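Asks: sequence plus the predicted model coming up.
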Amino acid sequence: MRRRFLAFIVFVSLIGLSCNMFLVAVRNVPTFFSEPEKIPRKIKKPVKPNVRLSALWIGHATMLLQMDDKVIITDPFLTETVGELARRVIEPGIDIENIPICDLILISHSHFDHLSYGSLQILEEKNSKTPLFFPEGLEDFLPNFNFPLVRMKNSNGYEKDFIGETKIVNGIKVTSVIARHWGGRYGLDGYMWGYNAYTGFIVEYNGMTVYFAGDTGYEPERFKKLGGKFNIDLALIPIGPCADCNQCGTRNHVFPIDAVYLFNDINAKWFLPIHYGTLQFAQADPMEPGYILKNIIEEQRLGDKIFPLKIGEQKIFIEK
C-alpha cells in the first residue's frame with residue numbers, strides 16, 4: 001500500500017505538464033488503491049505446433065504473435081504500472097514465465113505506455129539475443145539493455161513518404177511504415193523539441209504479413225498506398241483512447257470509426273483492435289472504444305474480419 005501511495009504521489013507531481021495529465025491523475029486515483037482485475041485460466045503454451053499465424057492479446061498495445069516458428073512481441077507492457085505513473089485496471093494476459101523466447105521485439109515509439117523499461121528488463125532475462133526494433137531517435141530514451149539494437153529509419157517522422165526502410169533479421173522481413181503520432185518520452189517534450197521517433201511496422205515471414213500500427217492518426221492517402229504495396233493478412237490497429245468514441249479520432253490517434261477506415265484502406269484480411277481496456281486515460285472508460293467498435297462491427301457486418309479479443313485471449317488465423 002505504501003508503494004502504491006508513493007507511486008500516486010509521483011504521478012500527481014507531474015500533472016503540471018498539462019491539463020490532460022491532471023485529468024488522467026484524477027481518474028487514476030482508484031486504480032492506485034485497488035488490485036488489477038484477475039484473468040482466469042491464462043494460456044500457458046501460446047506457441048502451438050499446428051499454427052502458422054496466431055495472436056494473443058496481453059493488453060494495451062502488447063500482442064504476442066506466432067508466425068510459423070517465429071515469435072514476435074509488440075510494445076511489451078508486462079508490469080503493473082507504466083513508469084509508476086498509471087496502473088493497470090486488468091492484469092497482463094499471460095504469466096511472464098509462459099512468454100516464450102522471442103525472435104523479435106518491436107517498439108513503436110518512446111511514450112511510457114509503449115516503451116516500458118520494466119517490461120524490457122523482464123524480457124531481457126530470456127531474450128538477451130533477441131533483436132529490439134525501434135524507430136531512429138528512440139535510442140535517446142533507451143537505457144542500456146543487452147538486446148541487439150535495430151534502428152529503423154522513419155523518413156523524418158513520415159513528413160512525406162509512407163515507408164522508412166526494410167531490414168531482414170532472423171529470416172523475418174521488417175519494414176518501418178507510416179504512423180502519425182509524436183515522439184518524446186513525457187508527452188510535452190515531443191511537442192516542444194520535435195522528437196519524431198515513432199513508426200508502424202510491417203512484418204513479413206513465410207508468405208504471411210502482419211501490420212502493427214503502434215499509435216497513429218488517420219491519413220487516407222498514405223494508408224491506401226500502404227495497402228497497395230503490401231498484401232496484409234493481420235492488422236493490429238489502436239482504437240483508443242477516445243473522449244467521444246462515436247467521433248473520428250485526432251491527428252495522433254484513431255478512434256473506432258477511423259480505425260475501421262484505416263483497416264479498409266490497407267485492405268487487410270483481419271483486424272485485431274489494440275490500445276484500450278488496460279489503462280485509465282483521461283478520456284472515456286477503458287472499455288468504451290471496444291463497445292463502440294462492436295456496434296460498428298454489427299452495423300457493417302464485419303464479424304468475419306474484425307475480432308475484438310479479451311485480454312488473455314488468443315486467436316488462430318492460419319493453421320497448418
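Replies: Looks like it came in fine. In this text the structure is predicted, and so the values were computed from the model without any measurement. Numbers count the residues shown, from 1 in each chain.

Asks: just to check, residue 54 is in contact with residue 65?
Replies: Yes: if you go by CB atoms under 8 Å, residue 54 and residue 65 touch, sitting 7.2 Å apart. C-betas here are computed from N, CA, C, even on glycine.

Asks: comparing those two, which shows the higher neighbour count?
Replies: Comparing residue 54 with residue 65 by neighbour count (other CB atoms under 10 Å), the higher total belongs to residue 65, at 26 against 20.

Asks: let's verify the more buried one: helix, strand, or coil?
Replies: Secondary structure, DSSP: H, G, I helix; E, B strand; the rest coil: residue 65 is strand.

Asks: roughly how far does it sit from residue 145?
Replies: 21 Å (CB to CB, to the nearest Å).

Asks: one more: residue 207?
Replies: For residue 207, the distance to residue 145 - CB to CB - is 32 Å.

Asks: who has more neighbours, the two?
Replies: residue 145 (16 against 11).

Asks: what's near enough to touch that one?
Replies: Contact analysis of residue 145 by CB atoms under 8 Å, 6 or more residues apart in numbering lists 120-121, 124, 132.

Asks: buried members of those residues into ChimeraX, please.
Replies: The ChimeraX command for the buried members of the contacts of residue 145 (criterion: 16 or more other CB atoms under 10 Å) is given here:
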select :120,132
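
Asks: show me the contacts of residue 145 that map onto strands.
Replies: Judged by DSSP state E, those include residue 132 as members of strands.

Asks: which pair of the contacts of residue 145 spans the longest distance?
Replies: 121 and 132 (12.4 Å; CB to CB).

Asks: where does the chain dip in pLDDT?
Replies: 1-34, 83-85, 184-194, 282-284 (pLDDT under 70).

Asks: can I have the top strand by length along it written out in PDB, keeping just the CAs?
Replies: Looking across the chain with DSSP E, the single longest strand is strand 51-59. Once non-C-alpha atoms are left out, strand 51-59 reads as follows in PDB (Å, rounded to 0.1, in the frame of the first residue of the first chain):
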ATOM      1  CA  VAL A  51      -0.400 -23.000 -36.000                       C
ATOM      2  CA  ARG A  52       1.000 -20.800 -38.800                       C
ATOM      3  CA  LEU A  53      -0.400 -17.400 -37.600                       C
ATOM      4  CA  SER A  54      -1.900 -16.500 -34.300                       C
ATOM      5  CA  ALA A  55      -2.100 -13.600 -31.900                       C
ATOM      6  CA  LEU A  56      -2.500 -13.500 -28.100                       C
ATOM      7  CA  TRP A  57      -3.500 -10.100 -26.600                       C
ATOM      8  CA  ILE A  58      -1.500  -9.400 -23.500                       C
ATOM      9  CA  GLY A  59      -3.200  -6.000 -23.100                       C
END
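
Asks: mind listing what it pairs with, with the direction of each?
Replies: If you go by DSSP bridges, strand 51-59 pairs up with strand 62-67 (antiparallel), strand 314-319 (antiparallel).

Asks: nearest to residue 249, out of these?
Replies: Closest among these, using CB to CB: strand 62-67, at 20.2 Å.

Asks: what packs against the helix or strand just after the closest one?
Replies: Remark: after strand 62-67, the chain's next helix or strand is strand 70-74, criterion DSSP states H and E. Where contact means 3 or more CB pairs under 8 Å, 6 or more residues apart in numbering; DSSP states H and E, strand 70-74 is packed against strand 62-67, strand 104-106, strand 200-205.

Asks: not counting its own residues, what contacts the last one?
Replies: Applying CB under 8 Å, 6+ apart, the set of residues contacting strand 200-205 from outside is 65, 67-68, 70, 72, 74, 104, 106, 108, 133, 152, 171-179, 209-214, 216, 226, 230, 232.

Asks: what's the answer for the second one, then?
Replies: Around strand 104-106, the neighbours that count as contacts under CB under 8 Å, 6+ apart are 70, 72-76, 120, 123, 127, 130-134, 147, 169-170, 172, 174, 201, 203, 212.

Asks: buried ones only from those, please, as a PyMOL command.
Replies: Here is the PyMOL command that selects the buried residues among the contacts of strand 104-106 (16+ other CB under 10 Å):
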select buried, resi 70+72+73+74+75+76+120+123+127+130+131+132+133+134+147+172+174+201+203+212
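
Asks: list the contacts of residue 251.
Replies: 180, 217.

Asks: quick check: the gap between the residue most central in space within the chain and residue 116.
Replies: Closest to where the C-alpha atoms of the chain average out (CA atoms, centre = their mean) is residue 61, at 2.4 Å. Taking CB to CB as the measure, residue 61 falls 10 Å from residue 116.

Asks: tell me, what's touching the two both at once?
Replies: Common contacts of residue 61 and residue 116 (CB under 8 Å, 6+ apart): 75, 77.

Asks: neighbours of the closest residue to residue 38 other than its chain neighbours, how many?
Replies: Nearest residue to residue 38, sequence neighbours excluded (CB to CB, 6 or more residues apart in numbering): residue 91, at 6.0 Å. By the criterion of other CB under 10 Å, residue 91 has 20 neighbours.

Asks: this completes my enquiry, with thanks.
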